[in-house]
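Enquirer: this is a predicted model, with the sequence first.
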Amino acid sequence: MVFFSLFFVGQVYLYIDTQKNKHIYLASLGFLLAVMTKSVSIFLLFPGSLLSLLIYRQLGGLLKNKHFYFAALIALTPIVGYYSLREVFQPGYLSLMWEGGLFPRYLNQSKNYVFENRSFLYYFSLLFKKQMCCWGWLICLVFAVPFVFKKWPQAWLFWFIQPLVFLFFLSLGTKNFWYVAPASPLLSVLYSLS
């Protein structure tokens, strides 16, 4: 899931940078494989990608591009087919996914489960105190980049937005320590660029 998430986000960046249609298809492949690996988790990366497309004025062109719709159809067909077959062979599966996977992850509430009430900053703390503790002190260098260059470099801004928006939306939902896993490589790219 982490690999496919990074692959998806990387293809979004390459599309913004080059406007080449192959990156639309590769992003849809990353999306397909991420959904088949870990269901709805990939949707947490959509807000950051959407924001970046808006900032770099690529969303309008993408929505007018026939390759976007063809790539979406290619990615969604196996997903819809899989979930439809799964519902046929295991009636109630879609309801279980809806209540157990979709809403809890994004809204932190469910009819069937009780979740620990953790702070909004849970994932930020987890990353900088445990999972990326050796890198936490370098955050000052990351924030210094736009001031040093006196501009917001495109690659830096894109990779700054992705983990920040991902962590924001992730923090609104369920708190499980493994949900933060896609943030580490996103932050690693940002740190490398910085």
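Expert: Happy to help now that I have it. Just so it is clear, the structure is predicted and the values come from calculations on it, not from any experiment.
Enquirer: biggest helix in this protein, by residue count?
Expert: Of all the elements of type helix in the chain, the one with the most residues (DSSP state H) is helix 66-89.
Enquirer: report the distance from that helix to the chain centre.
Expert: Centre-to-centre, helix 66-89 and its host chain are 19 Å apart (C-alpha atoms, centre = their mean, to the nearest Å).
Enquirer: can you check stretch 10-20 too?
Expert: 16 Å.
Enquirer: extract the CA atoms of it and return them as CSV.
Expert: Written as CSV, here are the backbone C-alpha positions of stretch 10-20 (Å, rounded to 0.1, in the frame of the first residue of the first chain):
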residue,chain,number,x,y,z
GLY,A,10,4.7,10.5,-7.9
GLN,A,11,2.8,10.1,-11.1
VAL,A,12,0.5,13.0,-10.1
TYR,A,13,3.6,15.1,-9.7
LEU,A,14,5.1,14.0,-13.0
TYR,A,15,1.8,14.8,-14.7
ILE,A,16,1.8,18.3,-13.2
ASP,A,17,5.5,18.8,-14.3
THR,A,18,5.2,17.4,-17.9
GLN,A,19,1.4,17.1,-18.8
LYS,A,20,2.2,13.8,-20.4
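Enquirer: I'd like to know which helix or strand in the chain has the lowest mean pLDDT.
Expert: When the helices and strands of the chain are scored by mean pLDDT, DSSP states H and E, helix 103-107 comes last with a mean of 60.
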